[in-house]
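Peer 1: need a structure here:
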Amino acid sequence: MKGVAAYIEPAGGEIRLTFDDMETESVAPTTWTKTTHFTSNTYPEAELENMSLSKEQYAEIGENLVLRLLALNGRLE
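Peer 2: Here you go, the predicted structure:
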């Protein structure tokens with residue numbers, strides 16, 4: 001099974017949002033392994049914490065997530 005892990009980390013007054021490819025051998029996964037770094041973007045800390053990013057920024061985050069999930073599962077050509 002393949003998936004995407006999303007996590008945030010501080011980056012000097014900003015927050016980095018990262019998506020990494022993950023994989024597990026099991027159909028009932030308890031342990032996932034990072035296979036590839038997909039993408040990361042930094043956002044102003046206050047804007048992200050207050051959920052005040054622009055619609056375009058939220059759309060980009062969602063598009064990256066769906067795009068990667070489709071690619072990992074062989075649904076894109």
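Peer 1: for the longest helix anywhere in the chain, name the packing helices and strands.
Peer 2: Criterion DSSP state H: the longest helix present in the chain is helix 55-72. Counting contacts by 3 or more C-beta pairs under 8 Å, 6 or more residues apart in numbering; DSSP states H and E, helix 55-72 is packed against strand 2-10, strand 14-23, strand 33-44. Bear in mind the C-beta positions are built from the backbone N, C-alpha and C, glycine included.
Peer 1: so for the residue nearest the centre of the chain, what's the nearest residue that isn't a sequence neighbour?
Peer 2: For the chain, F19 is the residue whose C-alpha lies nearest the centre (C-alpha atoms, centre = their mean; 2.7 Å). Among residues not flanking F19 along the chain, F38 sits closest, at 4.5 Å (C-beta to C-beta, 6 or more residues apart in numbering).
Peer 1: wait, the one you found touches Y7, no?
Peer 2: No. The pair F38 / Y7 is not scored as a contact, 11.9 Å apart, by C-beta atoms under 8 Å.
Peer 1: neighbour count winner among the two?
Peer 2: Neighbour tally, F38 and Y7, criterion other C-beta atoms under 10 Å: the higher count belongs to F38, 19 against 10.
Peer 1: flag the shaky bits of the chain, pLDDT-wise.
Peer 2: Within the chain, the ranges that satisfy pLDDT under 70 run 77.
Peer 1: any idea how many residues pack against G13?
Peer 2: If you count neighbours by other C-beta under 10 Å, G13 ends up with 9.
Peer 1: gap between L53 and E60?
Peer 2: 9 Å (C-beta to C-beta, to the nearest Å).
Peer 1: isn't the residue nearest to the centre of the chain right up against K34?
Peer 2: No. Taking C-beta under 8 Å as the definition, F19 is not a contact partner of K34, at 10.8 Å.
Peer 1: which neighbours do the two share?
Peer 2: A5 (C-beta atoms under 8 Å, 6 or more residues apart in numbering).
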